[in-house]
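Asker: Provided below for reference: sequence and predicted model.
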Amino acid sequence: MEAASLSGSSLCYCNYRFSRLITRGRYIASASRNFSEGINDVDKPSSKPLIISSSDSSTQNHSFLSNGPIQKRYLNLQTNCAIGVCTFPGNVAESHYSHSAEEKLGVLLLNLGGPETLNDVQPFLFNLFADPDIIRLPRLLRFLQRPLAKLISVLRAPKSKEGYAAIGGGSPLRKITDEQADALRMALESKNVCANVYVGMRYWFPFTEEAIEQIKRDRITKLVVLPLYPQFSISTTGSSIRVLQSVFKEDAYLSRLPVSVILSWYQRQGYIRSMADLIEKELGKFAKPEEVMIFFSAHGVPVSYVEDAGDPYKDQMEECIYLIMQELKARGIGNDHTLAYQSRVGPVQWLKPYTDEVLVEIGQKGVKSLLAIPVSFVSEHIETLEEIDMEYKHLALESGIENWGRVPALGCNSLFITDLADAVVEALPSAKALSTKTDDAEETEFDPLSYVVKIFFGSILAFMLLLTPRVILAFRNGLF
Ligand SMILES: C=CC1=C(C)c2cc3[nH]c(cc4nc(cc5[nH]c(cc1n2)c(C)c5CCC(=O)O)C(CCC(=O)O)=C4C)c(C)c3C=C
Ligand SMILES: [Fe+2]
């Protein structure tokens, strides 16, 4: 999307402009976003998705949430005029795109992936912890990423395996995401938009790289990338986009392929309304619905992501909850609600308040009925099926809560899928090719001496780090 199209009325809701999504170690988002601005009217949100903006100069004029030196290597998207998606006659009235017979549209759904068997758990965890967007090491220690990933994955595997064993021996994520892909393809078809829908997982099969290979084999001529995370985080959407970017820039065909990336879509009316529908339905199952505490539980991220790296995840999450509650209010539902963060891993500080602590607190305060709502993900997975349904439910009941309910993940909810299809169609005009150009001035040449020096001092630093009481304690307490 051109920066210009982000201005005006859509700014209130589509106002994170990632002038350069993947910086070296730091994400920068336009400071023009202000949570307190422009969200008084629930009907107001633009239904426009966020698209990686092109490297236009107006984006650079904004002040960025930044601590360190901002790298000037922007995702450079070339303008491409070839627009058109439909191979069916008669679509013109519905969408305002022109279409050509040669157009072959692809939609790439990005997701996290999950182990399908218990034997997959440790290698899956290795892939996850080897991701520099999951364990963010200082540059000097990057060479330790894989050994550290090996160590942590081996240490964590037994605990994770227990969790996966409790939900049937593997993650349901692949199956559900495949179903969502199918449903999306059909929803697009019913809008006279013919598309191949691909699934690319970040840490397990089918890997994003495999999906991209298939996209190449299918000679797709335009691609919409849709991460299945409503809110943007460096650790999820950001990480997957980093993979795409690195594969695309190395490939002549892919770097010329017009692409539109939908960075987040939590503010879309279809999503907000379908979440409100689910909540309303589950509330109706309680004897006294008006007394139920609506408890949003989001996947956490380390605080440093938000405070140091400029991750918009927390702001987007809060805005998302606000919009859902506004939608419920408009339906006459004014229950108390709260937001907490779950699933922390390791010895660092994560976003607070923590789900487990809040559950105990509100139970002790006398709340008797609670409806848990997972908000950061749109399919069932280990953290809904095991962590919420088993661990948190147990904790809540122990803490005095008597009536427990949980809203199911959206899955293939038809309003939700139809809205995703709309998001895809709306994203099409912004599709632009990624430039292969890199800023040579920023590329550092390989210097063997400085490499050896880095390894030497890096090893000493790593050794000292591993011996800090906090890390030792974390290992002892099984936090990994
Ligand atoms: C918005 C969703 C998610 C964010 C943000 C996120 C960040 C994040 N996660 C870890 C560590 C782990 N995540 C694990 C599983 C997992 N994570 C998400 C979603 C988000 N993660 C999902 C949907 C799943 C489940 C996949 C499945 O198999 O069903 C795991 C493995 C499970 C476990 O051992 O608990 C780990 C580990 C970090 C460190 C992080 C941010 C830095
Ligand atoms: Fe996670």
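Answerer: Nice, I can see it. Nothing here was measured: the structure is a model prediction, and the numbers come from that model. Numbering: from 1, shown residues only. Ligands and ions are numbered 1, 2, ... in the order given.

Asker: quick one, phi psi at Lys349?
Answerer: That one is not Lys; residue 349 is Gln. phi -80, psi 130 (degrees, to the nearest 10).

Asker: so it touches Tyr305, yeah?
Answerer: No - at 10.6 Å, Gln349 does not count as touching Tyr305 under the criterion of C-beta atoms under 8 Å. Using the backbone N, CA and C atoms, a C-beta is placed for each residue, glycine as well.

Asker: Neighbour count: those two, which is higher?
Answerer: Applying other C-beta atoms under 10 Å to Gln349 and Tyr305 shows that Tyr305 carries more neighbours, namely 24 against 12.

Asker: Surely that one is in a helix?
Answerer: Yes - counting by DSSP: H, G, I helix; E, B strand; the rest coil, Tyr305 falls inside a helix.

Asker: Would you mind pointing out the helix or strand the spatially closest residue to it that is not a sequence neighbour falls in?
Answerer: Excluding its sequence neighbours, the residue lying closest to Tyr305 (C-beta to C-beta, 6 or more residues apart in numbering) is Asp311, at 4.0 Å. If you go by DSSP states H and E, Asp311 is not part of any helix or strand.

Asker: Quick one, grab the pLDDT at Asp311.
Answerer: Asp311 is assigned a pLDDT of 98 by the prediction.

Asker: Quick check on it: phi, psi?
Answerer: Here is the backbone geometry of Asp311 (degrees, to the nearest 10): phi -60, psi 120.

Asker: Relative to ligand 1, how far out is it?
Answerer: For Asp311, the distance to ligand 1 (C-beta to the nearest ligand atom, to the nearest Å) stands at 9 Å.

Asker: Would you tell me which residues of the stretch 201-350 of the chain are close to ligand 1?
Answerer: 229, 233, 235-236, 299, 301-302, 345 (C-beta under 6 Å from any ligand atom).

Asker: Please work out the average pLDDT along the lengthiest helix in the chain.
Answerer: Criterion DSSP state H: the longest helix present in the chain is helix 145-166. Per-region confidence: helix 145-166 scores 98 on mean pLDDT.

Asker: Now for the residue nearest to Tyr305: which residues touch it?
Answerer: Contacts for Asp311 (C-beta atoms under 8 Å, 6 or more residues apart in numbering) come out as 27, 232-235, 238, 301, 305.

Asker: For the residue of the stretch 51-200 of the chain found nearest ligand 1, the count of nearby residues, please.
Answerer: Among the residues of the stretch 51-200 of the chain, Gly114 lies nearest to ligand 1; the distance is 2.4 Å by C-beta to the nearest ligand atom. Per other C-beta under 10 Å, the neighbour tally for Gly114 reads 25.

Asker: name the element it belongs to?
Answerer: For Gly114, there is no enclosing helix or strand under DSSP H and E.

Asker: my guess is it contacts Arg202, does it?
Answerer: No - Gly114 lies out of contact with Arg202 (C-beta under 8 Å); the separation is 10.3 Å.

Asker: Ser414 - how many residues pack around it?
Answerer: Ser414: 11 neighbours (other C-beta under 10 Å).

Asker: mind checking how far it is from Ile272?
Answerer: Ser414 sits at a distance of 15 Å from Ile272 (criterion: C-beta to C-beta, to the nearest Å).

Asker: Does stretch 125-139 reach ligand 1?
Answerer: Yes - interface with ligand 1: stretch 125-139 contributes 125, 128, 134 (C-beta under 6 Å from any ligand atom).

Asker: what's the angle between the helix or strand the second one falls within and helix 145-166?
Answerer: Mapping Leu128 onto the secondary structure by DSSP H and E places it in helix 121-129. Using axes from the mean of the first three to the mean of the last three C-alpha atoms, to 10 degrees, the inter-axis angle of helix 121-129 relative to helix 145-166 is 130 degrees.

Asker: Name the residues that touch helix 121-129?
Answerer: With C-beta under 8 Å, 6+ apart, helix 121-129 has contacts from 113-115, 134-135, 148-150, 152-154, 156-157, 160-161, 164, 202-204.

Asker: Flag every buried residue along it.
Answerer: With burial defined by 16 or more other C-beta atoms under 10 Å, the residues of helix 121-129 counted as buried are 121-122, 124-129.

Asker: And these, which is closest to Lys104?
Answerer: Asn127 (30.6 Å; C-beta to C-beta).

Asker: For this structure, give me the ranges with low pLDDT.
Answerer: 1-101, 435-480 (pLDDT under 70).

Asker: in it, which spans are strands?
Answerer: 77-78, 105-111, 195-201, 222-227, 258-261, 293-299, 337-342, 369-374, 403-406, 432-434 (DSSP state E).

Asker: And those strands: which comes nearest Glu391?
Answerer: Going by C-beta to C-beta, the one of the strands of the chain nearest Glu391 is strand 337-342, 9.2 Å.

Asker: other SSEs contacting the closest one?
Answerer: Helices and strands touching strand 337-342, by 3 or more C-beta pairs under 8 Å, 6 or more residues apart in numbering; DSSP states H and E, are strand 293-299, helix 313-330, helix 355-364.

Asker: Can you give me the buried ones in the longest one?
Answerer: Within helix 313-330, the residues that count as buried by 16+ other C-beta under 10 Å are 313-317, 319-328.

Asker: Of those, which pair is most distant in space?
Answerer: Pairwise distances across those peak at 22.5 Å for Tyr313 and Leu328 (criterion: C-beta to C-beta).

Asker: Would you mind measuring from Leu420 to ligand 1?
Answerer: 17 Å.

Asker: give me the number of residues near that residue?
Answerer: Residues lying near Leu420 (other C-beta under 10 Å) number 27.

Asker: isn't it right next to Leu226, touching?
Answerer: Yes - assessed by C-beta under 8 Å, Leu420 is found in contact with Leu226 at 6.6 Å.

Asker: which residues are common contacts for those two?
Answerer: Trp265.

Asker: where does the stretch 1-150 of the chain come near ligand 1, residue by residue?
Answerer: 112, 114, 125, 128, 134.

Asker: With adjacent residues omitted, what lies nearest to the third one?
Answerer: Same thing as Leu125. Nearest to Leu125 is Ser153, by C-beta to C-beta, 6+ apart, at 3.7 Å.
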